[in-house]
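Undergrad: I need the structure of the sequence given here:
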Amino acid sequence: GLPGTFKFQNEGGQFSRQPAIVFDGSDDVLWRLNGALEPGQAFTIFYVSLNDRNLGSGDLLGTKGFTLEQPYQDDPERTLWTLTSHGSRPDIFKNGDFNSVGSWSGNALGELSIGGSRGSSASAARTKVAEIIIYDRVLTKAESAKVEASLYERYFEFARPLDPVTILPPGGIIDESVEVTLSAFEENTTIRYTLDGTVPHESSPLYTGSFTVPPGTTVRARNFRGTTSSEIISTQSFLGPADALPVADPIIWLDAEHGLDQSDQGEIASWRDLSGNGHDFQQLYSSARPSAITHLPTGSPSSPQSSVSLGGYDHLAGPPDLGESSLVTILLAFQPEDTIFGRFFESYVGLNDYRLEKDQFRTQQNSIAEFELEMDQPTVITMVLEPNNGAFYLGERNLSFSQSAATLPWGQLIVGSKDSVSH
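TA: The predicted model follows:
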């Protein structure tokens, strides 16, 4: 490729002793790594850049089918990009936070270019690349944590952010006591937990091995390294038979009173499925996480209740595929708010998508049924969906709609909306 310039970084008059390859944003690019990424190849890539701020756009890394794009923003000086792919569109993390600065045009990966795309000066990135590590497989979370920790130690002035604790088994209805285990991907950390639903702190019980909990127990756990703790507090609720649903065997059961993995500010990273099927809803983007709120409803019951509050781009994504089913019944319970508008729920089915909004229920083909949804009191919506047909109920009121043919299996369910709309 055209030559880059090898330089030591000069920061504040002192050398950091961290070398980097400097790409000028004009025509510098290095290519290619023959056979590194075959079509459909799974991979894990770690990419460390020592960027100045406001360097503009360009392709930091590229293949025939995928590019990692340098965003227009005030980037931190040091950035660790982690990319994982099972042979399709990669998941991208920027300093531990999920990110979307990339484009995907298929699985024809092939040759790899650094600092731009081959033959295109318009895609050149002005950046300083310190280290790139590529594996021809998807690393486990524990393996990725080890690699990232070593890169943070080498290039960053702070340690890698701690991952949430894993609590097993998943929560739900239990008839008798169960054995619970806690684990963390990082080494040299401590796990502290509570069994009464409170937030674990530095003086909470130290996890030293598995323990048993009876029905009616909420386990919350947090990872600690010194005075630093994981941002997200993990939660699993083990309910008793008295808490069971009146109709058994749902495929998904989300209850805002239980199973919310959230930060100290109430931002929800995961909403745990209580059905026992492991269909958790998650949000990897920290900027798109909904919030947990507690309020005292009017009337009965009079005790405080929890809700998941959606706003703007907030949403939680469920499992990618619910499998084949000839009929799906979905019930959604809403608490009253002063103003509610926008989209509450999406279900992608083949080429169509079902969207529950304040004033309409529609498919992607814009088959629309108008109705009024007054949210000045607790409201339950029932959606009964099947191929080529469906019914939508507000109480006993049947809100019918027209819809073009849909195909199964069902696609991913979304609480909130992936589109940038207020709701």
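
Undergrad: Glu148 sits in which helix or strand?
TA: helix 141-155 (DSSP states H and E).

Undergrad: Check which element follows that helix along the chain.
TA: strand 166-168.

Undergrad: For that next one, which strands pair with it and how are they oriented?
TA: Each strand paired with strand 166-168, and its direction, by DSSP bridges: strand 178-183 (antiparallel).

Undergrad: Would you mark the buried spots in the strand it pairs with?
TA: Residues Val178, Val180, Leu182 are the ones in strand 178-183 that count as buried (16 or more other C-beta atoms under 10 Å). No exception for glycine: its C-beta is placed from N, CA and C like everyone else's.

Undergrad: Reformat those into JSON lines and put pLDDT and distance to Leu245 next to each item.
TA: Shown next, in JSON lines, are the buried residues of strand 178-183 (pLDDT from 0 to 100; distance: C-beta to C-beta, whole Å):
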{"residue": "Val178", "pLDDT": "97", "distance to Leu245": "19"}
{"residue": "Val180", "pLDDT": "98", "distance to Leu245": "23"}
{"residue": "Leu182", "pLDDT": "97", "distance to Leu245": "28"}
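
Undergrad: out of those, who's nearest Gly116?
TA: Leu182 (45.0 Å; C-beta to C-beta).

Undergrad: What strands line up against the helix or strand encompassing Thr44, and which way round?
TA: Using DSSP H and E, Thr44 sits in strand 43-50. The pairing partners recorded for strand 43-50 under DSSP bridges are strand 78-85 (antiparallel), strand 126-135 (antiparallel).

Undergrad: between these, which gets nearest to Pro290?
TA: That would be strand 78-85 among the strands paired with strand 43-50, by C-beta to C-beta, at 24.7 Å.

Undergrad: okay, the angle between the closest one and helix 141-155?
TA: Angle of strand 78-85 versus helix 141-155, following axes from the mean of the first three to the mean of the last three C-alpha atoms, to 10 degrees, is 160 degrees.

Undergrad: Any regions of the stretch 151-300 of the chain where pLDDT drops low?
TA: For the stretch 151-300 of the chain, the stretches flagged by pLDDT under 70 are 296-300.

Undergrad: try it again with 90
TA: In the prediction, the stretch 151-300 of the chain carries residues with pLDDT under 90 at positions 153-161, 185-188, 197, 226-227, 248-249, 251, 264-266, 276-279, 283-288, 292-300.

Undergrad: which residues of it fall in strands?
TA: 166-168, 172-173, 178-183, 190-194, 211-213, 217-225, 228-229, 234-239, 260-262, 268-271, 281-282, 291-295 (DSSP state E, counting those that start in this stretch).

Undergrad: Report the buried residues of stretch 278-292.
TA: Going by neighbour count (16+ other C-beta under 10 Å), the buried part of stretch 278-292 is His279, Asp280, Phe281, Gln282, Gln283, Leu284, Ala288, Arg289, Pro290, Ser291, Ala292.

Undergrad: Hmm, I typed the wrong one, I wanted stretch 247-258.
TA: Applying a neighbour-count criterion of 16+ other C-beta under 10 Å, one finds Pro250, Ile251, Ile252, Trp253, Leu254, Asp255, Ala256, Glu257, His258 buried in stretch 247-258.

Undergrad: Return the member of those nearest to Trp81.
TA: Taking those together and measuring to Trp81 by C-beta to C-beta, the closest member is Leu254, at 32.2 Å.

Undergrad: ok, the closest one - contacts?
TA: Contacts for Leu254 were tallied using C-beta atoms under 8 Å, 6 or more residues apart in numbering; they are Trp271, Arg272, Asp273, Leu274, Phe281, Val415.

Undergrad: farthest-separated two in the residues you listed?
TA: Farthest pair in these, by C-beta to C-beta: Leu274 and Val415, 14.5 Å.

Undergrad: Which one of the strands paired with strand 43-50 lies nearest to Gln70?
TA: strand 126-135 (6.3 Å).

Undergrad: How about residues contacting that closest one?
TA: 9, 18-26, 33, 36-37, 43-52, 55-56, 58, 60-61, 70, 112, 114-115, 147, 151, 154-155.

Undergrad: List only those of the residues you listed flagged as buried.
TA: Buried among the contacts of strand 126-135 by 16+ other C-beta under 10 Å: 9, 18, 20-23, 25, 36-37, 43-51, 55, 58, 60-61, 70, 112, 114-115, 147, 151, 155.

Undergrad: Ser88 versus Thr382, what's the distance?
TA: 35 Å (C-beta to C-beta, to the nearest Å).

Undergrad: who has more neighbours, these two?
TA: Thr382 (16 against 13; other C-beta atoms under 10 Å).

Undergrad: Run through the bridge partners of that one.
TA: What pairs with Thr382, by the bridge criterion (DSSP bridges), is Leu331, Tyr393.

Undergrad: Burial check on Glu187, number of neighbours?
TA: 10.

Undergrad: so who does it touch?
TA: Lys146, Ala149.

Undergrad: what about 10 Å?
TA: With contact set as C-beta atoms under 10 Å, 6 or more residues apart in numbering, Glu187 has these partners: Ala142, Ala145, Lys146, Ala149, Arg225.

Undergrad: Leu284 now?
TA: Per C-beta under 10 Å, 6+ apart, neighbours of Leu284: Asp91, Ile92, Phe93, Asp97, Phe98, Asn99, Ser100, Ala269, Ser270, Ala317.

Undergrad: burial count for the last one?
TA: This means Ala317. 19.

Undergrad: Distance-wise, check the nearest residue to it once chain neighbours are set aside relative to Phe211.
TA: Distances taken as C-beta to C-beta, 6 or more residues apart in numbering put Ile414 closest to Ala317, at 5.7 Å, once the chain neighbours are dropped. When distance is defined by C-beta to C-beta, Ile414 is 36 Å away from Phe211.

Undergrad: Have a look at those two and say which one is more surrounded.
TA: Ile414 (21 against 15).

Undergrad: quick one: secondary structure of the more buried one?
TA: strand (DSSP: H, G, I helix; E, B strand; the rest coil).

Undergrad: Let's see the pLDDT reported for it.
TA: Looking at Ile414, its pLDDT is 73.

Undergrad: Brilliant, that's me finished.
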